[in-house]
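Asker: Here's a sequence, model it:
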Amino acid sequence: MMNKRGPTRRTGAHDRRSGANESTDNTASRTAAPGETVAEREAAVLVDEQVVLDREHVVLGREEDVLGREEIALADEGVVHRREEAVNGREQASDLREESAELREDVATLREQAMRTQEAVARETALRSARAEAQLRDANEHLIVAAVNAQTMTEAAALTSTQMAHMAEHDFLTGLPNRSLLIDRLAQAIVLAQHHDKKVALICLDLDHFKHINDSLGRAGGDRLLQSAARRLQSCIRHCDTVSRQGGDEFVVLLAEVETAQDAALAAEKLMKAMAEPHLIDGHRLHVTLSVGISVYPEDGKDAETMLQNAEIAMYHAKRKGRNSYQVFTPDMNLRAVARQSIAEALHHALDQHEFVVHYQPKVDLETGRLTGAEALVRWRQPTRLIGPAQFIGIAEDCGLILPLGRWVLREACQQTQAWLQAGGDFGVIAVNVSSVEFHGKDFLSGVRTVLDDTGLDPHHLEIELTESGLMQDTESTMALLYALKDLGITIAVDDFGTGYSSLSYLRRFPIDTLKIDQSFVQDIDGETGKAIVSAIIAMGTSLKQRVVAEGIETRQQLAFLQSHHCHEGQGNIFSQPVAADEFATRLFLPRGVGDFGEVIGRPGGA
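Answerer: Next up is the predicted model:
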């Protein structure tokens, strides 16, 4: 509408301007006509007034037109203002639309992010769900496996527990009950015997000379012999009895119910007879004997430990009486055991107080009567008497005193021999007994070297005497040690030959210089058996180029037999008892510079 009114008003003003112009033109035209009348002039004036009025009207019209125009202008300004407002509104709307668009974009972005988040969450959830399912499956599988394993482990644990319980109560090598299970069964047997008014017997057995067999056949052969012995013992007992291995070569048989001690003795004889049958081990026929000790409830003990202790004491008595026999426990055996303990304590005191002395027994060449040396023999000096080694050496070995005692004897003998040599005597060789415990001790060889260095004695004047049993322990190390002694210049003698293993193989293998015939064989020379044994030993030693020395020569008949069979040397009371060093030097040695027993051996012209 504004557009329609604007042009219309502009058209009317234009017309009024045109009319005013025309009136002006008419008035001018009238002025130019002189001669007109007053009326005409008045009329003309009226006309002019009218024209003026018209002009005023025109002016008013124009003013109105101006006012209209102003209004129009104002209207136009309003329109412009409104247009500006509209523009501003449109701009604001545009801005709002832009903001809305941005918001929509933000919303879209947020929605997209939300969707992506949802998708990620969905994927993560799915992944977690898959993982959870996989973990659940794995867990179920592991649970099943664990359950199976647990069952297996439970069964294995139960089996292991059973096996461990069996191993804890049984010997690994033979499968026999061990000491712990034996004590338990013995205690139960004692309770039953009390109710049934019966006796219980315990038989303690030890395989004689098992050490020799073990060293000869090796540990594996020894183990097979022990297994064979276990089977033999089991075959001889009742189902209610028990055979137990205590360790090493010692077994114990529990007779649950017996009437008398004689029943136990008969059972011991049965066991010894069964064991004596040859054992076939690695192609060898081995003959095994037993040393047996017997104790009986209630006479020899009211509890398991006492019975076992007394059976062992009886077994040791059987050993000391020559083996291959049984002994029934008696109270005096216990007294002897107590006495052994008191002797052990006294030996400690004696060593500390220097109560031991060394005596010397001469060794004589049976052909020339010349003194070839002496054997050093330890004695225990008491206020009223001298005690020989047979009464305390075994105890010294058991209580561990044999090592310091043996070192002292060796040093004393070497020191005394060196003193005699420095005094001008042509002494020969000093023989020193060495127990198997000493010989196999780790410091034996170094100890011998130290003694020789300290005393200054030439090793060629020293002879080491060993028993057969000592030589047969761990033969490989024994051979190495013997050759080490030989390298020093020391000679080696086998003491009490014939009473131990008596193997020709070790006589050939070991570097042995001297065989000493045990005095028990020499004293039996008057009998045919003794003569045969002694002559065989002399022939064996001679064939092996070893000197043979006879111990314990007491009579001229014994001496004559030994001389007739060409025994090289002898020692015994027929020449001299063991005497102290001073007496040995004064009576036998130093007066002539060398001992001479020609008169004793019957040499013509003997001193």
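
Asker: Could you measure from the closest residue to Leu559 other than its chain neighbours over to Ser235?
Answerer: Among residues not flanking Leu559 along the chain, Ile553 sits closest, at 5.5 Å (C-beta to C-beta, 6 or more residues apart in numbering). Yep, even glycine has a C-beta here, placed from its N, CA and C like the rest. Taking C-beta to C-beta, to the nearest Å as the measure, Ile553 falls 48 Å from Ser235.

Asker: The residue nearest to Leu559 - how many residues pack around it?
Answerer: 26 (other C-beta atoms under 10 Å).

Asker: Next, give phi and psi for it.
Answerer: Backbone geometry at Ile553, expressed as degrees, to the nearest 10, gives phi -70, psi 120.

Asker: cool, Asp443 as well?
Answerer: Per-residue torsions, Asp443: phi -110, psi 20 (degrees, to the nearest 10).

Asker: how far away is it from His195?
Answerer: 57 Å.

Asker: With neighbour numbers in mind, choose between these two.
Answerer: For Asp443 and His195, the more surrounded residue by other C-beta under 10 Å is Asp443, and the numbers stand at 11 against 7.

Asker: residues contacting the more buried one?
Answerer: By C-beta atoms under 8 Å, 6 or more residues apart in numbering, the contact set of Asp443 is empty.

Asker: Same question for Asn324.
Answerer: Residues in contact with Asn324 (C-beta under 8 Å, 6+ apart) are Asp208, Met272, Thr289, Leu290, Ser291.

Asker: The last one falls within a helix, correct?
Answerer: No - according to DSSP: H, G, I helix; E, B strand; the rest coil, the state of Ser291 is strand, so it is not within a helix.

Asker: Next, work out how far apart it and Glu312 are.
Answerer: 11 Å.

Asker: Who has more neighbours out of the two?
Answerer: Under the criterion of other C-beta under 10 Å, the comparison of Ser291 against Glu312 puts Ser291 first, with 25 against 20.

Asker: Could you tell me how many residues sit around Thr260?
Answerer: When neighbours are defined as other C-beta under 10 Å, Thr260 has 11 of them.

Asker: I'd say it and Val200 touch.
Answerer: No - with contact defined as C-beta atoms under 8 Å, Thr260 does not count as touching Val200 (12.0 Å).

Asker: quick one, helices of the stretch 51-200 of the chain?
Answerer: For the stretch 51-200 of the chain, applying DSSP state H, counting those that start in this stretch gives helices covering 179-196.

Asker: which two of the contacts of Asn324 lie the greatest distance from each other?
Answerer: Asp208 and Met272 (10.4 Å; C-beta to C-beta).

Asker: list residues touching both of the two?
Answerer: By C-beta under 8 Å, 6+ apart, the residues touching both Asp208 and Met272 are Thr289, Leu290, Asn324.

Asker: got a markdown table for those residues, with pLDDT and distance to Arg449 too?
Answerer: Listed next are the shared contacts of Asp208 and Met272 as a markdown table, based on pLDDT from 0 to 100; distance: C-beta to C-beta, whole Å:
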| residue | pLDDT | distance to Arg449 |
| --- | --- | --- |
| Thr289 | 90 | 40 |
| Leu290 | 92 | 42 |
| Asn324 | 88 | 41 |
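
Asker: Output those as TSV; include the columns distance to Gly527.
Answerer: TSV is the format used below for the shared contacts of Asp208 and Met272 (distance: C-beta to C-beta, whole Å):
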residue	distance to Gly527
Thr289	23
Leu290	28
Asn324	21
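
Asker: Would you mind checking which of these is nearest to Thr478?
Answerer: Nearest member of these to Thr478, counting by C-beta to C-beta, is Thr289, at 24.4 Å.

Asker: which residues sit in contact with that closest one?
Answerer: Leu207, Asp208, His209, Met272, Met275, Ala276, Arg323, Asn324.

Asker: Now go through the residues you listed and say which are in helices.
Answerer: Residues of the contacts of Thr289 located in helices (DSSP state H): Met272, Met275, Ala276.

Asker: For Pro389, state which of these is nearest.
Answerer: Lowest distance from Pro389 to these (C-beta to C-beta) belongs to Met272, with 31.1 Å.

Asker: okay, that closest one: pLDDT?
Answerer: Listed pLDDT for Met272 reads 93.

Asker: which ones are touching it?
Answerer: Thr289, Leu290, Val292, Asn324, Tyr326.

Asker: follow-up on the earlier one: taking the contacts of Thr289 together, which two end up most distant?
Answerer: Farthest pair in the contacts of Thr289, by C-beta to C-beta: His209 and Met272, 14.7 Å.

Asker: So what's the residue count around Met292?
Answerer: Heads up, residue 292 is Val, not Met. Other residues close to Val292 by other C-beta under 10 Å number 30.

Asker: which SS class is the closest residue to it other than its chain neighbours?
Answerer: Excluding the flanking residues, the one nearest Val292 by C-beta to C-beta, 6+ apart is Tyr326, at 3.5 Å. With three-state DSSP as the basis, Tyr326 sits in strand.

Asker: for Leu466, same thing?
Answerer: Once three-state DSSP is applied, Leu466 turns out strand.

Asker: and it, how many residues sit next to it?
Answerer: Leu466, neighbours per other C-beta under 10 Å, totals 25.

Asker: ok, it - contacts?
Answerer: Leu466 sits in contact with Val434, Ser436, Phe439, Ile492, Ala493, Val494, Asp495, where contact means C-beta under 8 Å, 6+ apart.

Asker: Repeat the analysis, applying 10 Å as the threshold.
Answerer: Each residue near Leu466 by C-beta atoms under 10 Å, 6 or more residues apart in numbering is listed here: 433-436, 438-439, 472, 478, 481-482, 485, 492-496, 510, 512.

Asker: what stretches of the stretch 101-250 of the chain score poorly on pLDDT?
Answerer: Applying pLDDT under 70 to the stretch 101-250 of the chain picks out residues 107, 156-166, 215.

Asker: Tell me which stretches of it form strands.
Answerer: For the stretch 101-250 of the chain, the strands defined by DSSP state E, counting those that start in this stretch occupy 199-207, 242-247, 250-258.

Asker: So which other helices or strands are in contact with the last one?
Answerer: Contact analysis of strand 250-258 by 3 or more C-beta pairs under 10 Å, 6 or more residues apart in numbering; DSSP states H and E lists helix 179-196, strand 199-207, helix 210-235, strand 242-247, helix 261-276, strand 290-297, helix 304-320 as its packing neighbours.

Asker: how about the closest residue to Thr174 other than its chain neighbours, what does it touch?
Answerer: Closest residue to Thr174 apart from its sequence neighbours, by C-beta to C-beta, 6+ apart: Ala230 at 3.9 Å. Neighbouring residues of Ala230 by C-beta under 10 Å, 6+ apart: Asp171, Leu173, Thr174, Gly175, Leu176, Val243, Ser244, Arg245, Phe251.
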